[in-house]
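**Q** structure of the sequence below:
(4 chains)
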4 protein chains.
Amino acid sequence: MNPFDAASPLDARYFFAEPEFFKKLRPFVSESSQIKYLSRVEAALVAVLADAGLCSQKIAQEVADACDEIEPEEVYEEEARIQHNIRALVNCIRRRISEEAQPFVHLFATSNDMTDTARALCLKEVTHAAVLPFLADLTTKLIRLARANASVGQIGRTHGRHAVPITFGFAIALYVSRLGQRIEAIKSAADNLRGKFSGAVGAYNALTLYRPQDPQELEAALMRKLGLKPPEISSQIVQPEYVADYVYALASCWGVLANLADDFRHLLRSEIRELRARSEGDPNSPIVGSSTMPHKINPKDFENVKSLWKAYMPRLTTVLMDQISEHQRDLTNSASSRFVTEFVTGFCYTVYRASSAVDGVEPDRERMRAILNEGKDPIVAEPLYILLALAGHPDAHEKARVLARQARVENKPLVEIVRQDRSLDPYREKMTPTNRKILEDPALYTGAAETRTFAICDLWEKKLADLLRQP
Amino acid sequence: MNPFDAASPLDARYFFAEPEFFKKLRPFVSESSQIKYLSRVEAALVAVLADAGLCSQKIAQEVADACDEIEPEEVYEEEARIQHNIRALVNCIRRRISEEAQPFVHLFATSNDMTDTARALCLKEVTHAAVLPFLADLTTKLIRLARANASVGQIGRTHGRHAVPITFGFAIALYVSRLGQRIEAIKSAADNLRGKFSGAVGAYNALTLYRPQDPQELEAALMRKLGLKPPEISSQIVQPEYVADYVYALASCWGVLANLADDFRHLLRSEIRELRARSEGDPNSPIVGSSTMPHKINPKDFENVKSLWKAYMPRLTTVLMDQISEHQRDLTNSASSRFVTEFVTGFCYTVYRASSAVDGVEPDRERMRAILNEGKDPIVAEPLYILLALAGHPDAHEKARVLARQARVENKPLVEIVRQDRSLDPYREKMTPTNRKILEDPALYTGAAETRTFAICDLWEKKLADLLRQP
Amino acid sequence: MNPFDAASPLDARYFFAEPEFFKKLRPFVSESSQIKYLSRVEAALVAVLADAGLCSQKIAQEVADACDEIEPEEVYEEEARIQHNIRALVNCIRRRISEEAQPFVHLFATSNDMTDTARALCLKEVTHAAVLPFLADLTTKLIRLARANASVGQIGRTHGRHAVPITFGFAIALYVSRLGQRIEAIKSAADNLRGKFSGAVGAYNALTLYRPQDPQELEAALMRKLGLKPPEISSQIVQPEYVADYVYALASCWGVLANLADDFRHLLRSEIRELRARSEGDPNSPIVGSSTMPHKINPKDFENVKSLWKAYMPRLTTVLMDQISEHQRDLTNSASSRFVTEFVTGFCYTVYRASSAVDGVEPDRERMRAILNEGKDPIVAEPLYILLALAGHPDAHEKARVLARQARVENKPLVEIVRQDRSLDPYREKMTPTNRKILEDPALYTGAAETRTFAICDLWEKKLADLLRQP
Amino acid sequence: MNPFDAASPLDARYFFAEPEFFKKLRPFVSESSQIKYLSRVEAALVAVLADAGLCSQKIAQEVADACDEIEPEEVYEEEARIQHNIRALVNCIRRRISEEAQPFVHLFATSNDMTDTARALCLKEVTHAAVLPFLADLTTKLIRLARANASVGQIGRTHGRHAVPITFGFAIALYVSRLGQRIEAIKSAADNLRGKFSGAVGAYNALTLYRPQDPQELEAALMRKLGLKPPEISSQIVQPEYVADYVYALASCWGVLANLADDFRHLLRSEIRELRARSEGDPNSPIVGSSTMPHKINPKDFENVKSLWKAYMPRLTTVLMDQISEHQRDLTNSASSRFVTEFVTGFCYTVYRASSAVDGVEPDRERMRAILNEGKDPIVAEPLYILLALAGHPDAHEKARVLARQARVENKPLVEIVRQDRSLDPYREKMTPTNRKILEDPALYTGAAETRTFAICDLWEKKLADLLRQP
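**A** Model (predicted):
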């Protein structure tokens, strides 16, 4: 097969096309990996039976060895014959083992015990092996960017209009905190995923024949062996909320990435230019920005991040529709739930692109300062009002409003009007020198932006390190 | 105004039309309540300033009294004049208080400090006062139903086809567990909601003039006073993930309700009839089932539950789109985020309807038994295969398959064929009496359905009691 | 009831709060209007029976008079008693008429014949009375704006970066065309809505007793009387695609409004300022832009437009889920389909706000020219390359690329380098004077922006006039 | 590459796994086909230039030959170097042609002129070559099924409860009509797709240098050559509504398929069994229904249809979000719009599966009759009430209600009570013999089900034939 035969752009354009990314994700998210996971669960099942004394450890090993050898091609071939994917896998395993071992393969299990358990296992492992490391990498880059710019003044913007100042590092620290909390949410949802081993309708019908008192103990043993939590109660399927919680955690993290991408895109706008592409300086770069306009450098990595969010976020709705399954299961979630691993792949790819997008730009501090200086004069109205109030002025807000209006009407800098207004002197004397300076230069009116930036970076640097250390 | 003037069916048909429900929710979710919440936050702000020594407790009390008196009419009138809803509220408060107190109203705050804090407070309180009690009421009813039917056999259904048996209580216990966990998720998301008091761009610009070292301490004090957690870092707005998590928790709980409604609807189908309307027996009931078919009794409460899920679930997408706000805020979340309280109202109404829907039906145990008995014969294939395997049969699955096929071909009951097959005697002897009985009557093959039902009911009875006791 | 009691922000904040808007929409979208529409359909039904000779015209008139008098209060009261909304209405009608007339009310009909027909009628009429006029008003304003600015140069922007020039009118003309086509789509979907009169399962069971050969003719007569098209075939419900098409037409038009709002918002950004609020000049305006930053003027109408799009667009998913109704109907679309009229209300409100938002701003042509002049130099690369190619240069693109690079490296204006490059003279001579001027002043490189603007405005001015003339 | 390496289940499990389906769709929907389409548009562009006299037909042919040879591998390789996919393609074309021809490749065009035109062309062609034929095949099967069962009585079901009778063919005819109308909508949206050739900002900036009077004529010529309609006005991108309309047409058709799948699934339920799998009879079938319950035959094709609807329908939201593109384009639709061809693939696969699912089942007419006969007695209430009214009974509805109640209370068949009620004789005499028979056997009360079935089948047979004949 040719990779360009794929109908999904995720496969053709992003997954197959980036070898490093592909190598990292393939063991978890390919169709081939799904069969590996199913085989692992089948092997673990027999190992649990052996632990329980139902068969020998030798049989368990025999089955484990067989499971290791299974390739997707043969399973699909068998499925084409019998029209059942899990029974096809079981047949492939049984072919490889002794007659003595055969009865123990898939014993007590319904297909979906394997499918749901394999999915939970896969999602948990891809989270620890790829999702969290990719996110930690991005967040670490943002922490570095935030620290480096913790004191670099930038105009704050609300409604797209100049508000009061922050620092560029502070704007980034917000993303550190949002991403950090989403990372925790993703980890927590992944670690809460459940498998099951309770049979066709969830009542342990088959297992109870063997363990009438506590059939759920064998299920718990299987989960322990795989590093999963046992479920409370299930039907043929694991309660759908565990996967929904996980997909939601990814989707809501994706929204943070999309917001970051939009912010960076806008700061790269021609009229703003507070960010610039690192590659902009290289006249020998072979990179083409536009097929007709050779002078253009475009923020296409950030556009890609936003675009993938639009492509995937609405799919959470699929998962929420899959919460409904009639009676002990209606199976209309069979195809749709297969797309969850694709969702994870798309998410990881977005983080990966966001990470290289952040690498590709740098703040233009001169430009930030220029914009701030150009726009700062009317800002003084806010600190003036607060400082007058704190200094006991009887009508601080009105005084500030009148002076601001005077500045507009007379078309004079407000800072100068304030400076020359002698009636303010008694209040000015009560102000700290730092605060007096702010009235002279409102670019200094950045509040606690710098200290909060460092505090947030310290907090998440530590939390991330702890979180990644955990199994 | 006339309630039938409303354009929203939620208002006209559900909220205004059910006095008990309206009375319970109005203090939290009406537009009028939003203004009450904003007033409470404005009052708390001045109380915090008084605690910090910036103004007297007397002033704080004066402001609190004024806030108590605010009515929505006057705020809307003032807003019509000045085109700003929070400044309108502030003006209404200031009008009522002494000149001395006026400067402290809204001091240091940006409008959205109030709006976001009021929303968090409202959502947290409506959760504890209405969402959780409504859900607990429904879950308690389901626990009762599950216990009462813990041992009532019912055919399990997968693909809409008869599978192996469960008990009706077991099917209900699954909902107890799913709802229980969603209740925990909702409570956890509600208790994690945050307000803010960090000013126009989140950097505590104004507060830092007064408390340069730790402006965030005043924010924390305000949150404490209101029973909210302090935020880590914010822009003009609270990080949108807290509300998104909360709405997701509701949406995913709504999916459980929709699934329950579908299951109950289907059990009420003419061909199944394992459930029946309690009102069916009353020949004098004035209730009309159909405008042309007077004999019909319809499961319309369950239909309503499913329908409201369809109406509201997709709105989670709105909340996920609202995660994106350019720079320190772009304000395109202003109208859309107002709909969150409507979402809560719709959710509560659905729970309320689901609760009365559950009250309105009862299981028809005769019918459950009849269906089970009619369909049970082929079921024996599964326990036979397992029991033979456990008894050491060398090829148990094949043996069961052959006998099942013989039954189909000869059109004879499989149970009888099994009974008469002498080659099975040696294995039968190794089986427990309980298991032997299952081969005679596969309706007994209900696994651990009964014991698991009680275990789940015990677990959640206790958990719910604990959870509702918490503040 | 108090309007501030509403739980829906649409009701409390937008619908009830704007008298002009409320007055226009209330006859169509309130719960009260729904009952008026149902009454009209019930009256039309009896009129059709009279036309067919089944009853006298006098009876039809009697019923029509009764239907005119029905008030929602009494219907809701009766519904509370009998739990069926349409039978409640029928009872209210019957109470008012002679015994002789009573049998003809609702004869042959199932409730949903009335409900679906009333909805189609209401949606069609609100479209012609409000949706289309609101949209035409907005589009007319945009046509005026486009014409007035057809030749006002503006830098084009792709990726948020300066591309080649357009005119401001041209940017607006794109919206004229997009909105125009959506208006056609909305009208077409509205005029294609269907009612039904085929009974409980759609097979005209009752009508066939009376008209065995062509029961569908009575249905067609009812539709004609109401100005609706007859359906091809239905179950208990009208095929859901007609309403879905209509809601989609609105939703996709909403997306155009959201795009327009985003564009205008961004042009109002502090760094761009190519648009400005008309109110900005008035120092005595009582309007408050921010509760802490008195100098701010915010694009809040455009933010509202975008925000309402986010609030409503996802609800199309509800309508698509309502396409599924089991067998002859499952009724899980009962509550959800009531929200369609709210969708229409939200849409109309958004158009209304967009319209006043457009009124509230004006282009700052000085600023547009300044930005264009500042950014125009590198643009010359594109026309240079094309003109050289047209003039027979053997390697035009490479020549342009080399000169553009020289300009960057030497930090000199490209226009000047081009002007001084003598090797270009032979090609320059072959160029038209107009094209030579473009190489001197790339701000002139606006292509057909002006002529296309007028062409589009002419086209839609005529089309809109025609369209609104149609019934 | 291995097909099982794919991350998208659509690729791995459905597209690659079904050779017939793959073969049919690959020329349109693979990544490789996208490059073929882009090459075709590049070739057509030069052909248009030749027609206009700008270059020779020989050059146009040279370019066309080169475009024919392009393979995706080389384009991706070049893209990896220069980071621009369209310029990469242009480079690959230019490498193959004479120096003289090179300047004409891509002349006047911006990348997106090619991308959007290629997409429109691809979607239009895949619609005619695959989407419509697949749908016509399914609809034709349904027409056959409807005709064959036009007079086969079936109980109608509303609320999942028995209502009045239809025929099975009538239930199918509804799907014929719904699908037929969706087919028309899909064709109409496909034929309305547009390309563009108006350059980087849509104002024909480059083309105007060459054709100042009517640059849009060259665009129109390119569209004609490709069989597409010309656009009215565009920015860098084609107006997004054309593709949105197309995706909506597919999505809304998908909903009809999902509804059909649900209906068929439910008719296959163990308790209903009005449909059965054709394969059920074959004892030698290797097909496995369940990995533990060998007796089970499952409706998995219908489950798959519903499941794919859940997986894809929500993605319409992506397309609606892509309506927003800032200014002349923001490029955040770049990745997301690539998924449109995947959407088409998923849709075609669903139709293909639905078609074989319909083939796989057959109605069990005995069972339909049995259910109808068992449930028919109370139905008589409706025709009784109508017939009495038509016969002049003064209070027909009340009379029917009283008798129905008597039947319930006395637990006697209503038909019998009616038969024995002498007071009805005068009315009975006025009834037609056909109608009198209905009172004796309400199973006959199928209205116009049979005649409407044939009418709908005739209508769509003809319409489909006409529609498929059109180019």
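**Q** name the nearest residue to residue A:196, sequence neighbours excluded.
**A** Once flanking residues are discounted, residue A:196 sits nearest to residue A:234: 4.5 Å by C-beta to C-beta, 6 or more residues apart in numbering or on different chains. In short, each C-beta sits where N, CA and C put it, glycine included.
**Q** quick one: the host helix or strand of residue A:263 near chain B?
**A** In this structure, residue A:263 sits in helix A:241-267 according to DSSP states H and E. Yes: Helix A:241-267 reaches chain B (C-beta under 8 Å from any C-beta of the partner chain) through A:241, A:244-245, A:248, A:251-252, A:255-256, A:258-259, A:262-263, A:266.
**Q** could you check whether that helix is close to chain C?
**A** Yes: counting by C-beta under 8 Å from any C-beta, chain C is contacted by helix A:241-267 at A:265-266.
**Q** in that helix, what's buried?
**A** Residues A:241-267 are the ones in helix A:241-267 that count as buried (16 or more other C-beta atoms under 10 Å in any protein chain shown).
**Q** now that helix: how far from the chain's centre is it?
**A** Centroid separation for helix A:241-267 versus its chain: 6 Å, with C-alpha atoms, centre = their mean, to the nearest Å.
**Q** report the angle between the axes of it and helix C:241-267?
**A** Interaxial angle of helix A:241-267 relative to helix C:241-267 (axes from the mean of the first three to the mean of the last three C-alpha atoms, to 10 degrees): 40 degrees.
**Q** about what we covered before: filter the buried residues of helix A:241-267 to keep only those in contact with chain D.
**A** Okay, of these touching chain D (C-beta under 8 Å from any C-beta), that's residue A:265.
**Q** quick one: the strands in chain A?
**A** Assigned by DSSP state E, the strands in chain A fall at A:153-158, A:161-167, A:275-277, A:361-363.
**Q** touching, residue A:359 and residue A:141? I think so.
**A** Yes: if you go by C-beta atoms under 8 Å, residue A:359 and residue A:141 touch, sitting 6.8 Å apart.
**Q** out of the two, which sits in the busier spot?
**A** Under the criterion of other C-beta atoms under 10 Å in any protein chain shown, the comparison of residue A:359 against residue A:141 puts residue A:141 first, with 17 against 13.
**Q** I'd assumed residue A:354 was in contact with the more buried one.
**A** No: with contacts counted by C-beta under 8 Å, residue A:141 stays clear of residue A:354, the gap being 9.3 Å.
**Q** show me chain A divided up by domain.
**A** A:116-196+A:238-371, A:377-440 (automatic domain parsing).
**Q** any chance you could map the helices in the stretch 201-350 of chain A?
**A** Assigned helices in the stretch 201-350 of chain A, in chain order: A:205-210, A:216-226, A:241-267, A:300-312, A:316-321, A:334-359 (criterion: DSSP state H, counting those that start in this stretch).
**Q** the third one packs against which elements?
**A** Packing contacts for helix A:241-267, counted by 3 or more C-beta pairs under 8 Å, 6 or more residues apart in numbering or on different chains; DSSP states H and E, involve helix A:111-126, helix A:168-191, helix A:300-312, helix A:316-321, helix A:334-359, helix B:168-191, helix B:241-267, helix B:316-321.
**Q** tell me how far residue A:115 lies from chain B.
**A** 13 Å (C-beta to the nearest C-beta, to the nearest Å).
**Q** so what's that residue scoring on pLDDT?
**A** Residue A:115 carries a pLDDT score of 97 in this model.
**Q** quick one: contacts for it?
**A** A:38, A:86 (C-beta atoms under 8 Å, 6 or more residues apart in numbering or on different chains).
**Q** show me the contacts for residue A:307.
**A** By C-beta under 8 Å, 6+ apart, the residues touching residue A:307 are D:331-336.
**Q** how about the residue most central in space within chain A, nearest residue that isn't a chain neighbour?
**A** Among the residues of chain A, the one closest to the centroid is residue A:253, at 3.9 Å (C-alpha atoms, centre = their mean). Excluding the flanking residues, the one nearest residue A:253 by C-beta to C-beta, 6+ apart is residue A:182, at 3.7 Å.
**Q** got it, and residue A:351?
**A** Closest residue in space to residue A:351, ignoring its immediate chain neighbours: residue A:134 at 4.3 Å, by C-beta to C-beta, 6+ apart.
**Q** how many other residues sit next to the one you found?
**A** Neighbours of residue A:134 (other C-beta under 10 Å): 21.
**Q** re earlier: gap between the residue nearest to the centre of chain A and chain C?
**A** Using C-beta to the nearest C-beta, which is the criterion applied here, residue A:253 is 19 Å from chain C.
**Q** quick one, what contacts that residue?
**A** Residue A:253 makes contact with A:135, A:179, A:182-183, A:185-186, A:347 under the criterion C-beta under 8 Å, 6+ apart.
**Q** again with residue A:249
**A** By C-beta under 8 Å, 6+ apart, the contact set of residue A:249 is A:182, A:185-186, A:188-190.
**Q** buried subset of these?
**A** Buried residues within the contacts of residue A:249, counting neighbours by 16+ other C-beta under 10 Å: A:182, A:185-186, A:189-190.
**Q** reformat the residues you listed as TSV; add pLDDT and distance to residue A:212.
**A** TSV is the format used below for the buried ones among the contacts of residue A:249 (pLDDT from 0 to 100; distance: C-beta to C-beta, whole Å):
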residue	pLDDT	distance to residue A:212
A:182	98	45
A:185	98	40
A:186	98	40
A:189	98	35
A:190	98	34
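**Q** just give me the closest of those residues to residue B:450.
**A** For the buried ones among the contacts of residue A:249, the closest approach to residue B:450 (C-beta to C-beta) belongs to residue A:189, at 32.1 Å.
**Q** just checking, the closest one touches residue A:241?
**A** No: applying C-beta under 8 Å as the test, residue A:189 and residue A:241 come out as separate, 10.1 Å apart.
**Q** need the pLDDT of residue A:283.
**A** With respect to pLDDT, residue A:283 scores 55.
**Q** and for residue A:445?
**A** Looking at residue A:445, its pLDDT is 97.
**Q** got a pLDDT number for the closest residue to chain B within the stretch 1-150 of chain A?
**A** As assessed by C-beta to the nearest C-beta, chain B sits closest to residue A:103 within the stretch 1-150 of chain A, at 4.9 Å. Looking at residue A:103, its pLDDT stands at 91.
**Q** show me which residues of the stretch 301-450 of chain A are close to chain B?
**A** Residues of the stretch 301-450 of chain A lying near chain B (C-beta under 8 Å from any C-beta): A:313-314, A:316-317, A:320-321, A:323-331, A:382-383, A:386-387, A:389-390, A:393-397, A:432, A:434-435, A:438, A:445-449.
**Q** one more pass at 6 Å, please.
**A** A:313, A:320, A:323-324, A:326-329, A:331, A:383, A:386-387, A:389-390, A:396, A:435, A:445, A:447-449 (C-beta under 6 Å from any C-beta of the partner chain).
**Q** residue A:245 is in contact with residue A:189, correct?
**A** Yes: judged on C-beta atoms under 6 Å, residue A:189 makes contact with residue A:245 at a distance of 4.5 Å.
**Q** tally of neighbours for the closest residue to residue A:211 other than its chain neighbours?
**A** Nearest non-adjacent residue to residue A:211, counting by C-beta to C-beta, 6+ apart: residue A:218, 6.1 Å away. As a burial measure, residue A:218 scores 22 neighbours (other C-beta under 10 Å).
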